[in-house]
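Asks: sharing a model prediction with you, sequence too.
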Protein chains: 2
Amino acid sequence: MKRRALLNGFGALIGASALTSCAQIQGQQTSAVPQSQLRGTGDLAVAIARADGRVAVIDTTEQQIIADIPGIGDLSHASLVYSRDARYAFVFGRDGGLTRIDILTHQITHRVIQGGNSIGGAISQDGTLIAVSNYKPGGVKVFNSQDLTLVADIPCESKTVGLVDAPGQRFVFSLWDKGEIWIADFSGNDQSKPDITKFENIGRNPYDALITPDGRYYMAGLFGEDGMAQLDLWHPEKGVRRVLPNYGRGEKKLPVYKMPHLEGWAIAGGRAFVPAVGRHEVLILDTNSWEEVGRIPVLGQPVFVMSRPDGRQIWVNFAHPDNSNIQVFDSETLEQIVHLKPGPGVLHMEFAPRGEKVWMSVRDSHEIHLYDTTTFELQTQLSLPSPSGIFMTARAHKIGL
Amino acid sequence: MKRRALLNGFGALIGASALTSCAQIQGQQTSAVPQSQLRGTGDLAVAIARADGRVAVIDTTEQQIIADIPGIGDLSHASLVYSRDARYAFVFGRDGGLTRIDILTHQITHRVIQGGNSIGGAISQDGTLIAVSNYKPGGVKVFNSQDLTLVADIPCESKTVGLVDAPGQRFVFSLWDKGEIWIADFSGNDQSKPDITKFENIGRNPYDALITPDGRYYMAGLFGEDGMAQLDLWHPEKGVRRVLPNYGRGEKKLPVYKMPHLEGWAIAGGRAFVPAVGRHEVLILDTNSWEEVGRIPVLGQPVFVMSRPDGRQIWVNFAHPDNSNIQVFDSETLEQIVHLKPGPGVLHMEFAPRGEKVWMSVRDSHEIHLYDTTTFELQTQLSLPSPSGIFMTARAHKIGL
């Protein structure tokens, strides 16, 4: 029980300022590997502590923070991806930092400042390449996932957004300034010269994008006009088409407190549940026709609309001033099942891969919450300063995450 | 390169009969943990060597067998599931043995003979329970996943088949002798007394079953009559209905060389691709109506019909005498993309979770093959005596696997 007591909350770890790894806390450092570090990685998660440039490693089985890793730079809009062995996390920082973390030894193995202002990244289907999209200086850079050496530089005279991996060793991304979507195909022999396919005039100012869970449809949201730009990656020869003509701010220009995250689209049972832009609504789309088939009224402007992995529940969080709430809906009846009030600044949700629990970051109460998705009981609260994204290692095995 | 040379094939390992772990081979055993064992577990797989009572641990990144673990009993029809941390494999042997293997240290941690003749098992949604279905003495036994102590015994005076886990901490299985489907719900406080729901008269002799990837529909194949028994787990109150009235041996009683595996159903893009019983056909079903919407002629009696994880390709293997073949079809055009001839006795296929590769066991040439799913090149051949099932750890994160 000693380990539990020592690690029961992040505060204790931060108080011991020189500590960087769980192994050192326990005094088990040996010439070989501490026994504590020998473990499977399938049930680990990494949570971003956005104010402090730190991340926490969570054991989701023991429901404990087991390590605090500092020195990762500006994490104010950070995300990460995992290596295919689920041992390394690649953190994309707002300051252009790309950091490779060993979540078993709790060390930073490699870190590069690869741009001036980055907005996210992706890992290639085979796990060998890490791509980062940049606001400054724009373009996309691609690195070797073993040592973060530069493999390819893809300048494009634009901020890039909505970068995702796609089947066939491809990356897909959008150009904010030029209104284009590019596919970079790394399946050829020369990794420094990917095959680039460009789609022009896709719409003004794409600001984010998603790829469907099967890796087929890439869809970019447009800040400058209504509708979404959709590319069928099974048929790139058909070009980009506009879908959801009313998706966006619509006829009345509404104040938008936060553009919704597109990655969070819930796709379940042939329908997509989508945050409406600036409206207190979740839109329901048919994923064959991509036409709207219904709406769910919600209590604020939705940010993430996520489905429990079995598709039976739809969980929604909100922009300011409603961001202390969570609403959960039945995906079949569309009725509200429960209304939770975790606390101020609910930024992110991450479901256990088989759906029995959900982790939630509550930024302004400096807590991570764990809820049961059947009883909706709050089961665990962990202390973490200004938590934002939470990422479970099961993402290593998913297309587009 | 020394490690590669040493471990390049299973034959060398078997020759060194006293060896049970990779660490010992490398002479790195220390009082702490050998460095070689500190690794992520997300890219490991376990393959069954059915003739020898052994399993092999495969590093799917290095494409090497890294350990040989003997002493697991009769593996002639074995399967396995993984713990939620992707460190432990639970192997269900034909002799009633349930074996818990540590795939990091390559040791058997626990082994019990829990019945006389078992046919498969499942792990609960939260990872705490292992359920095993038995031919002899019949019924289902449920064990603690930490130490394999008995938690619950569910006798039912019948052979049990088609045991799967379902959301809500449930197991679902079918009763061969009685023609019933039972749900055992372990979400209550007393784990020794699960809540049992029984569905009677579902049809004669259910022989196997599947659960859809979202955990909603449980479907049992019937040996004694045509059609399938379907239970909607979102609405158990509606009871079991018969679907696919012509599914089975149909009007002419055909010789069936091997009943197709139902776990292998490919579900992609709102359609299920299903092995026809005894016919040289793959059936295509609409997953909303569960009605047949097409057929693909194939070269033999299909056993497994599997989709590449992105749903774009359908891979089919066959019963004797056609079991040296693999046919791959485009899921959209239904045309054959490639016809592979890996060798005699292709028993099983396992896709990398993001779909770029597929592992295949070729029993009678004592090999495991690795194919690229874009170029269809044979990339690696590993030696393993009489390989059958291959299981990647990404299964730990899936409902029903």
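Replies: Alright, I've got the coordinates. Computed from a predicted structure; not experimentally measured.
Asks: which residues touch residue A:164?
Replies: The contact partners of residue A:164, taken as C-beta atoms under 8 Å, 6 or more residues apart in numbering or on different chains, are A:122, A:171-173, A:209-211, A:218, A:400. For every residue, glycine as well, the C-beta is placed using N, CA and C.
Asks: give me the neighbour count for residue A:188.
Replies: 10 (other C-beta atoms under 10 Å in any protein chain shown).
Asks: I misspoke; the intended subject was residue A:375.
Replies: For residue A:375, using other C-beta under 10 Å, the count is 10.
Asks: again with residue A:348
Replies: 24.
Asks: that one bridge partners, please.
Replies: In this entry, residue A:348 is beta-bridged to residue A:361, by DSSP bridges.
Asks: surely residue A:332 touches residue A:312?
Replies: Yes - using C-beta atoms under 8 Å, residue A:332 is in contact with residue A:312, at 7.3 Å.
Asks: find the nearest non-adjacent residue to residue A:294, please.
Replies: residue A:284 (3.9 Å; C-beta to C-beta, 6 or more residues apart in numbering or on different chains).
Asks: contacting residues for residue A:238?
Replies: By C-beta under 8 Å, 6+ apart, residue A:238 lies in contact with residue A:232.
Asks: okay, it: pLDDT?
Replies: Note on residue A:238: pLDDT of 97.
Asks: chain B versus the residue nearest the centre of chain A, what's the distance?
Replies: Centroid-nearest residue in chain A, with C-alpha atoms, centre = their mean: residue A:79, separated by 5.4 Å. Residue A:79 sits 18 Å away from chain B, taking C-beta to the nearest C-beta, to the nearest Å as the criterion.
Asks: pretty sure that residue is touching residue A:121, no?
Replies: Yes - counting by C-beta under 8 Å, residue A:79 sits close enough to residue A:121 to count as a contact (7.3 Å).
Asks: what do those two both touch?
Replies: With C-beta under 8 Å, 6+ apart as the test, residue A:79 and residue A:121 both reach residue A:92.
Asks: which stretches of the stretch 301-401 of chain A form strands?
Replies: A:302-307, A:313-318, A:326-330, A:336-340, A:346-351, A:357-362, A:367-372, A:378-383, A:387-392 (DSSP state E, counting those that start in this stretch).
Asks: swap in the stretch 101-250 of chain A?
Replies: With DSSP E, counting those that start in this stretch as the criterion, the stretch 101-250 of chain A has strands spanning A:107-113, A:117-123, A:129-136, A:140-144, A:150-154, A:160-166, A:170-175, A:180-185, A:195-199, A:206-211, A:217-222, A:228-232, A:240-243.
Asks: winner for burial among these?
Replies: Neighbour counts (mean count of other C-beta atoms under 10 Å in any protein chain shown) averaged over each of the strands of the stretch 101-250 of chain A peak at strand A:170-175, with a mean of 28.
Asks: near chain B at all, it?
Replies: No - Strand A:170-175 lies out of reach of chain B by C-beta under 8 Å from any C-beta of the partner chain, never closer than 10.8 Å.
Asks: what bridges to residue A:240?
Replies: On the basis of DSSP bridges, residue A:240 is bridged to residue A:231.
Asks: format the strands of the stretch 101-250 of chain A as a markdown table; extra columns: distance to residue B:72.
Replies: Shown next, in a markdown table, are the strands of the stretch 101-250 of chain A (distance: least, C-beta to C-beta, whole Å):
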| stretch | distance to residue B:72 |
| --- | --- |
| strand A:107-113 | 36 |
| strand A:117-123 | 35 |
| strand A:129-136 | 38 |
| strand A:140-144 | 39 |
| strand A:150-154 | 42 |
| strand A:160-166 | 37 |
| strand A:170-175 | 41 |
| strand A:180-185 | 43 |
| strand A:195-199 | 47 |
| strand A:206-211 | 41 |
| strand A:217-222 | 44 |
| strand A:228-232 | 46 |
| strand A:240-243 | 52 |
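Asks: identify whichever of those strands lies nearest to residue A:338.
Replies: Closest approach to residue A:338 among these (C-beta to C-beta): strand A:206-211, 26.1 Å.
Asks: strand partners (parallel or antiparallel) of the closest one?
Replies: strand A:217-222 (antiparallel).
Asks: wait, residue A:204 touches residue A:225, no?
Replies: Yes - Residue A:204 is within contact range of residue A:225, at 5.1 Å (criterion: C-beta under 8 Å).
Asks: who touches stretch A:184-199?
Replies: Contacts of stretch A:184-199 from elsewhere in the structure, counted by C-beta under 8 Å, 6+ apart, are A:124, A:129, A:131, A:140, A:142, A:151-152, A:154, A:168-173, A:180-183, A:231, A:236, A:239-240, B:374.
Asks: worst mean pLDDT across the helices and strands of chain A, which element?
Replies: When the helices and strands of chain A are scored by mean pLDDT, DSSP states H and E, helix A:22-25 comes last with a mean of 31.
Asks: what strands flank whichever helix or strand comes after it, and is each parallel or antiparallel?
Replies: Next helix or strand after helix A:22-25 toward the C-terminus (DSSP states H and E): strand A:44-49. In the sheet, strand A:44-49 lines up against strand A:54-59 (antiparallel), strand A:387-392 (antiparallel) (DSSP bridges).
Asks: so can I have CSV of those showing mean neighbour count and mean pLDDT?
Replies: Converted to CSV, the strands paired with strand A:44-49 look like this (neighbours: other C-beta atoms under 10 Å in any protein chain shown; pLDDT from 0 to 100):
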stretch, mean neighbour count, mean pLDDT
strand A:54-59, 24, 98
strand A:387-392, 23, 96
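Asks: show me what contacts residue A:140?
Replies: Under the criterion of C-beta under 8 Å, 6+ apart, the neighbours of residue A:140 are A:131-134, A:154, A:156, A:160, A:163, A:171, A:173, A:184.
Asks: for the spatially closest residue to it that is not a sequence neighbour, give its distance to residue A:146.
Replies: Spatial nearest neighbour of residue A:140, excluding adjacent residues (C-beta to C-beta, 6+ apart): residue A:154 at 4.4 Å. Per C-beta to C-beta, to the nearest Å, residue A:154 is found 20 Å from residue A:146.
Asks: higher neighbour count, residue A:332 and residue A:312?
Replies: Higher neighbour count among residue A:332 and residue A:312: residue A:312, with 22 against 13, using other C-beta under 10 Å.
Asks: off-centre distance for stretch A:225-238?
Replies: 22 Å (C-alpha atoms, centre = their mean, to the nearest Å).
Asks: extract the CA atoms of that stretch and return them as CSV.
Replies: The C-alpha coordinates for stretch A:225-238 follow below in CSV (Å, rounded to 0.1, in the frame of the first residue of the first chain):
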residue,chain,number,x,y,z
GLU,A,225,-18.0,29.7,-45.1
ASP,A,226,-20.6,27.1,-44.4
GLY,A,227,-20.5,23.4,-45.3
MET,A,228,-17.6,20.9,-45.1
ALA,A,229,-15.1,19.8,-47.6
GLN,A,230,-15.1,16.0,-48.0
LEU,A,231,-12.5,13.8,-49.6
ASP,A,232,-13.3,10.1,-50.2
LEU,A,233,-9.8,8.6,-49.8
TRP,A,234,-11.0,5.4,-51.6
HIS,A,235,-11.7,7.6,-54.6
PRO,A,236,-9.4,10.6,-54.6
GLU,A,237,-9.9,10.8,-58.4
LYS,A,238,-13.4,12.1,-57.7
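Asks: doesn't residue B:395 make contact with residue A:42?
Replies: No - taking contacts as C-beta under 8 Å, residue A:42 lies outside contact range of residue B:395: 10.1 Å.
Asks: picking that back up, now do the contacts for the residue nearest to residue A:140.
Replies: Counting by C-beta under 8 Å, 6+ apart, residue A:154 touches A:139-142, A:182, A:184, A:194, A:196.
Asks: go with 10 Å
Replies: A:131, A:133-134, A:138-142, A:160, A:171, A:173, A:182, A:184, A:194, A:196 (C-beta atoms under 10 Å, 6 or more residues apart in numbering or on different chains).
Asks: give me the buried positions along stretch A:360-373.
Replies: Using 16 or more other C-beta atoms under 10 Å in any protein chain shown as the test for burial, stretch A:360-373 gives A:360-363, A:365-371, A:373.
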